[in-house]
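A.B. asks: Fold the following, please.
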Amino acid sequence: MKYARSQKGMSLLGWLVILAVVAFLASAAFKVIPHYLDYYSLEKAITSVETDKAAEVRSVPEFYSYVSKAMLINGIRDLNLDEAMDVKLENNEFRAHLKYERREPLVQNIDLVVKFDKEFRVRMP
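C.D. replies: Predicted coordinates for the structure are as follows:
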């Protein structure tokens, strides 16, 4: 019975392994989350073209200008909108195809890759 007392809890090595795994996952999350926040900001900017009556977006260049202003407001500076988004005007609605990928280095030659690919149908205001 005197051995049961010495076998309570985890060893120092066990705690170090758990700490290393938590640190690795936190590092990965802190590198990926900003890209998702930028994507959701872009998505909101694209869909708000329909509801923003003051903007009066009527053409494809005005659509690009509206979204690029929203990118500037939200601090998205490392994305080329002309390469990431393709906009067409068909039957009084914009068809915006947002497609891009972001790479974030994790450890030496291992990268985290997030791909965004979504098509939006936005009616003209």
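A.B. asks: all contacts plus neighbour counts: C-alpha atoms, from now on.
C.D. replies: OK.
A.B. asks: Quick check: residue 67 touching residue 44?
C.D. replies: No: using Cα atoms under 8 Å, residue 67 is not in contact with residue 44, being 9.5 Å away.
A.B. asks: and those two? which has more neighbours close in?
C.D. replies: residue 67 (22 against 13; other Cα atoms under 10 Å).
A.B. asks: Now the more buried one. Nearest residue, chain neighbours left out?
C.D. replies: residue 45 (5.8 Å; Cα to Cα, 6 or more residues apart in numbering).
A.B. asks: neighbours around that neighbour, how many?
C.D. replies: 19.
A.B. asks: Validate this expectation: it resides in a strand.
C.D. replies: No: assigned with DSSP: H, G, I helix; E, B strand; the rest coil, residue 45 falls outside any strand and is helix.
A.B. asks: what about it, distance to residue 54?
C.D. replies: From residue 45 across to residue 54, the span is 14 Å (Cα to Cα, to the nearest Å).
A.B. asks: Give the burial count for the closest residue to residue 121 other than its chain neighbours, as a bare number.
C.D. replies: Nearest non-adjacent residue to residue 121, counting by Cα to Cα, 6+ apart: residue 95, 4.8 Å away. Using other Cα under 10 Å, residue 95 has 18 other residues around it.
A.B. asks: State the phi and psi torsions of residue 95.
C.D. replies: phi -110, psi 100 (degrees, to the nearest 10).
A.B. asks: which residues does it bridge with?
C.D. replies: Judged by DSSP bridges, the bridge partners of residue 95 are residue 88, residue 121.
A.B. asks: pLDDT below threshold where in the chain?
C.D. replies: Applying pLDDT under 70 to the chain picks out residues 1-7, 125.
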